[in-house]
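>>> 3D, please:
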Amino acid sequence: MQTYSDALPLHEELDMPSAGKARAWQLIAREFAKEVMRPCAAKLDPLPAAEVSTDAAFKEFFKKAHSRRLHALACPEAMGGEGASIYEQSLIYEELGWGSSGLALSLVVSQIPFLALSAHASADLQDQYLRPYLEDREAEFIGCYPVTESAHGSDLFFIGNPVHGGRSEWNLARLNYETNAYLDERRNEWVINGQKSQWITNTSIATHAFVLAALQAGGSAGFLVPLSTAGVERGVALEKLGQREMNQAGISFNEVRIPYNHMLVGPSDYQRFISNAFGNAYILIGAVCVGIARAALEEAAAFCKARVQGGARLVEHQDVQRRLMDIFAEVELMRAYIRSLARYHSGAAKTRLMHYSAVARGHVSQQAFKVCSDALDLFGHIGFSKGVLIEKLYRDARMTRMMGGAGTVAQLRAAQEFFA
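Residues are numbered from 1 along each chain as shown. Below you'll find the predicted structure:
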């Protein structure tokens, strides 16, 4: 894939310590993004979707991520994880987003079932599933998070339970998951039925899923489902506009039976789990968006320095200089917001402020798309050519507007708490 910039960022780290754990992880991620992710994404992007998950480069990406312990970032050190704070993770995922937003977000999703195990499972269940995952160096354990359904997607926060927040209570429990679960008391097993949509990340390669479903007895819950269980059926990989190196496909459950203790999050904890999980995830999605925008800025600046037009390099034209500085300003503002929020969330016993995370999810992803669009304009027709990185960044940035649900709906849900 044709690129114009090198791997060194244009920006100064205004708020970044020069040493320490955070800096070490950032540099590991930067090298990984350059040496592994960029080449892998360039190879996978033009492939048919059905071939992505079976390609050697895709499998090698996950193996190398596991070998560098990137799959264990968020799990507590006491359990064998890296115990990285949300701030440290935001630094890492900005770099990974620079390398490939599709692969970076695949890595985020791959951890979700195991993070749920670390927070909600019994010691026996953690010994059975979590410890082997954390010790895995061959990517033999990969997670997915089946949420989106044909009738429900971006309205996730309005599903299952009343919404409590702000100074009033919004009774929005009018929706339920189509996927459902009931308890077979005779066998002490949960039985799951239903179908999730084509937008489920890692479906073709996942070994375990954290499935959200409606309970027959009322409320919603989250279940750990080993995907080797009878009754699990995977769909065909989805062809899509951008982030094509991210495998996505549908998944269905037909009388899938799991042990009673595989319910990790019950109805009483469901809403709190959703708010905390997505509050953190939205910060990481925002960090990935900063990485995309930074890549677009660097590509545009390098191209304008090399391209001669009107008898001078583009960068010598005042209007081009102004436009580059506008892009630079957007990237820096995005970065400052994400890092400030991530630093807050990394503090002990801090309240998860969903309205701030919703801005990270909604507004920052919109600004990343704007940055990529503005940067592409500077390339002229070259920017619309297949095989040029800026064209891929533009497509990938557009996809982030829907990753984890539409950013506009996330902001609406937050507004109903914040302004109530």
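>>> The stretch 151-300 of the chain: strands as residue ranges?
163-165, 168-170, 180-184, 189-201, 208-215, 220-226, 232-237, 248-259, 263-265 (DSSP state E, counting those that start in this stretch).
>>> mean pLDDT lowest for which of those strands?
Lowest mean pLDDT within the strands of the stretch 151-300 of the chain: strand 168-170, at a mean of 41.
>>> can you count the residues close to residue 415?
Neighbours of residue 415 under the rule other CB atoms under 10 Å: 14. C-beta coordinates here come from the backbone N, C-alpha and C atoms, glycine included.
>>> For it, give me phi and psi.
The phi/psi pair for residue 415 (degrees, to the nearest 10) reads phi -60, psi -40.
>>> Distance of it relative to residue 273?
21 Å (CB to CB, to the nearest Å).
>>> for the strands of the stretch 151-300 of the chain, which one sits closest to residue 118?
strand 263-265 (10.1 Å; CB to CB).
>>> Parallel or antiparallel, list what pairs with the closest one.
With DSSP bridges as the test, strand 263-265 is paired with strand 220-226 (antiparallel).
>>> got the contact list for the partner strand?
Here strand 220-226 makes contact (CB atoms under 8 Å, 6 or more residues apart in numbering) with 113, 116-117, 120-121, 125, 129, 159-161, 176-177, 181, 190, 192, 207-215, 232, 253, 256, 258, 262-267, 270, 273.
>>> redo that, cut-off 7 Å
Strand 220-226 has contacts (CB atoms under 7 Å, 6 or more residues apart in numbering) with 113, 116-117, 159-161, 177, 181, 190, 192, 208-215, 256, 258, 262-267, 270, 273.
>>> the inter-axis angle of that strand versus strand 189-201?
Orientation note: strand 220-226 sits at an angle of 90 degrees relative to strand 189-201 (axes from the mean of the first three to the mean of the last three CA atoms, to 10 degrees).
>>> tilt between strand 220-226 and strand 248-259?
Relative orientation of strand 220-226 and strand 248-259, computed by the same axes, to 10 degrees: 90 degrees.
>>> so is residue 304 in a helix, a strand, or just coil?
Classification of residue 304 using DSSP: H, G, I helix; E, B strand; the rest coil returns helix.
>>> was I right about it contacting residue 317?
No. Using CB atoms under 7 Å, residue 304 is not in contact with residue 317, being 8.4 Å away.
>>> the more surrounded of these two?
A direct count of neighbours by other CB under 10 Å for residue 304 and residue 317 places residue 304 higher, at 22 against 14.
>>> residue contacts, the more buried one?
Residue 304 makes contact with 314, 315, 320, 324, 378, according to CB under 7 Å, 6+ apart.
>>> Any chance of a markdown table for the strands of the stretch 151-300 of the chain, columns mean neighbour count and distance to residue 374?
A markdown table is the format used below for these (neighbours: other CB atoms under 10 Å; distance: least, CB to CB, whole Å):
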| stretch | mean neighbour count | distance to residue 374 |
| --- | --- | --- |
| strand 163-165 | 18 | 36 |
| strand 168-170 | 13 | 37 |
| strand 180-184 | 17 | 46 |
| strand 189-201 | 21 | 28 |
| strand 208-215 | 25 | 37 |
| strand 220-226 | 23 | 40 |
| strand 232-237 | 16 | 32 |
| strand 248-259 | 20 | 28 |
| strand 263-265 | 21 | 41 |
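>>> can you redo these as JSON lines with distance to residue 104?
Listed next are the strands of the stretch 151-300 of the chain as JSON lines, based on distance: least, CB to CB, whole Å:
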{"stretch": "strand 163-165", "distance to residue 104": "30"}
{"stretch": "strand 168-170", "distance to residue 104": "33"}
{"stretch": "strand 180-184", "distance to residue 104": "31"}
{"stretch": "strand 189-201", "distance to residue 104": "11"}
{"stretch": "strand 208-215", "distance to residue 104": "19"}
{"stretch": "strand 220-226", "distance to residue 104": "24"}
{"stretch": "strand 232-237", "distance to residue 104": "19"}
{"stretch": "strand 248-259", "distance to residue 104": "14"}
{"stretch": "strand 263-265", "distance to residue 104": "25"}
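>>> Nearest to residue 340, out of those?
strand 163-165 (22.3 Å).
>>> list the contacts for residue 302?
Counting by CB under 7 Å, 6+ apart, residue 302 makes contact with 4, 5.
>>> can you check residue 87 too?
Applying CB under 7 Å, 6+ apart to residue 87 gives the contacts 22, 339, 342, 343, 346.
>>> Which members of those residues are classed as buried?
Listed as buried from these are 22, 339, 342, 346; burial here means 16 or more other CB atoms under 10 Å.
>>> Out of these, flag the one nearest to residue 185.
Of all the buried ones among the contacts of residue 87, residue 346 has the smallest distance to residue 185: 42.7 Å, by CB to CB.
>>> which ones are touching that closest one?
By CB under 7 Å, 6+ apart, residue 346 lies in contact with 85, 86, 87.
>>> And it, how far from residue 237?
Residue 346 is 36 Å from residue 237, by CB to CB.
>>> From residue 90, how far out is residue 283?
Taking CB to CB as the measure, residue 283 falls 6 Å from residue 90.
>>> With residue 25 instead?
11 Å.
>>> Settle it for me: which of those two has more neighbours?
Per other CB under 10 Å, whichever of residue 25 and residue 90 has more neighbours is residue 90, with 29 against 21.
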